[in-house]
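Asks: need coordinates for the following:
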Amino acid sequence: MNLPATSLPAEIVSSVAAWSEAARSALSPATLKAYRVDGATFVAWCQSRSMESMPASPGAVAGFLKAEAESGKSVATIRRRLATISAMHRAANIPSPADSQLVKLVMKGIAKAKGTDQRQAAPLSADDAVTIAAKLGDSPRELRDLALILVGRDLLARSAELVSIEVGHIEWGSPTIIMLRRRKTSTEAKPCAIGPKATAALRHWLEAGEVAEGPVFQSLKRNGRATGRALDPRDVRRIFKYTAQAAGLNHADNVSGHSVRVGMAQDLVSRNIDVLAVAQAGGWSTTTMPARYSAKLAAARGAVAQFYGMTS
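Replies: Okay, here's the model as predicted:
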């Protein structure tokens, strides 16, 4: 958590220090990084205008949000910045300017002006996975990449969650169970099932890579041998995009680390599985995201499409 470089009361410094210590073990690395970046950005903006950032006035926060919007930041990023400012104040046990009507109205106006639609990662569907599998060979790298996609789909996993899986987290069976910790919603590992194709792909990779312990999805040496080090989440995004491009998928350029989550969520909804069950399977705390992922699918199967007989 970033504090301004000005003198602050000792009780504020102490409160923020205690909060930061607790946050390191309770929050995900991605959330902590967002707090650091957003906090530093807000503090620097305030300092450049001789404004107090802690405690910040509603007017200062409103001005900052407007400046971020004018610089081209997305609504999602601006909302995250505001959440960080609010967290800074809560950590210091002082009222958050984010709760003021002025800030709420400014945020609402920004969302209205810019629109709230977020760019969605292209899905990697079951059909896409079949296409990718057909293009991959049997080298350790290709076997690892296929297992990464199939396991990621069945777990509806985030990149950071995939690279955190260790061999000891796997319970082989029918279905195979993997103890997975949802980094954004839980600090405890929970049992999640994967299907037979993902199980077979995972076995083939572990055997080919001679991985008997440690991280399941490891980086490789040039000779194809596993290094013993887990992939970085950025590697997962790169692998998803590269394999999609190599398979000639039309939407390959828009593939990201979330593509397996989007694709599996859409596949589940297409099988008439309740969106609440999909949310639970993917570790979402609400149905908002899986509903958004499947919005186009729902439209394609909606009343108008049914009227014209265009549903599949």
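Asks: hey, let's count contacts and neighbours off CA atoms from now on
Replies: Fine.
Asks: tell me, how many residues neighbour residue 210?
Replies: 12 (other CA atoms under 10 Å).
Asks: now do the phi/psi pair for it.
Replies: Backbone torsions of residue 210, given as degrees, to the nearest 10, read phi 50, psi 40.
Asks: that one touches residue 226, doesn't it?
Replies: Yes: using CA atoms under 8 Å, residue 210 is in contact with residue 226, at 7.4 Å.
Asks: measure the residue nearest the centre of the chain to residue 237 for me?
Replies: By CA atoms, centre = their mean, the mean C-alpha position of the chain lies nearest to residue 158, the distance being 5.4 Å. To residue 237, residue 158 is 10 Å away according to CA to CA, to the nearest Å.
Asks: quick check: neighbours shared by these two?
Replies: residue 257 (CA atoms under 8 Å, 6 or more residues apart in numbering).
Asks: ok, residue 47 - how many residues close by?
Replies: Counted with other CA under 10 Å, the neighbours of residue 47 add up to 14.
Asks: restrict the stretch of helix or strand it belongs to to CA atoms and write it as CSV.
Replies: Using DSSP states H and E, residue 47 sits within helix 29-48. Provided in CSV are the C-alpha atoms of helix 29-48 (Å, rounded to 0.1, in the frame of the first residue of the first chain):
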residue,chain,number,x,y,z
PRO,A,29,-0.1,-11.2,-5.8
ALA,A,30,-2.1,-9.7,-8.6
THR,A,31,-4.3,-7.7,-6.1
LEU,A,32,-1.3,-6.5,-4.2
LYS,A,33,0.4,-5.4,-7.4
ALA,A,34,-2.7,-3.5,-8.4
TYR,A,35,-2.8,-1.7,-5.0
ARG,A,36,0.9,-0.7,-5.4
VAL,A,37,0.5,0.6,-9.0
ASP,A,38,-2.8,2.4,-8.4
GLY,A,39,-1.8,3.8,-5.1
ALA,A,40,1.5,5.2,-6.5
THR,A,41,-0.4,6.7,-9.5
PHE,A,42,-2.9,8.5,-7.3
VAL,A,43,-0.3,9.8,-4.8
ALA,A,44,1.9,11.1,-7.7
TRP,A,45,-1.1,12.8,-9.3
CYS,A,46,-2.0,14.5,-6.0
GLN,A,47,1.6,15.6,-5.3
SER,A,48,1.9,17.1,-8.7
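Asks: the next helix or strand along the chain from it packs against which elements?
Replies: Per DSSP H and E, the first helix or strand lying C-terminal to helix 29-48 is helix 58-70. Applying 3 or more CA pairs under 8 Å, 6 or more residues apart in numbering; DSSP states H and E, one finds that helix 58-70 makes contact with helix 29-48, helix 75-91, helix 101-114.
Asks: in JSON lines, list those along with mean pLDDT.
Replies: Listed next are these as JSON lines, based on pLDDT from 0 to 100:
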{"stretch": "helix 29-48", "mean pLDDT": "88"}
{"stretch": "helix 75-91", "mean pLDDT": "90"}
{"stretch": "helix 101-114", "mean pLDDT": "92"}
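Asks: which of these sits most buried?
Replies: Most buried of the helices and strands packed on helix 58-70, by mean neighbour count (mean count of other CA atoms under 10 Å): helix 75-91, with a mean of 20.
Asks: residue 181 is nearest to which of the helices and strands packed on helix 58-70?
Replies: Set against residue 181 and scored by CA to CA, the helices and strands packed on helix 58-70 come closest in helix 29-48, at 13.3 Å.
Asks: how big is the angle separating that closest one from helix 58-70?
Replies: 110 degrees (axes from the mean of the first three to the mean of the last three CA atoms, to 10 degrees).
Asks: so how far is helix 29-48 from its chain's centroid?
Replies: 19 Å (CA atoms, centre = their mean, to the nearest Å).
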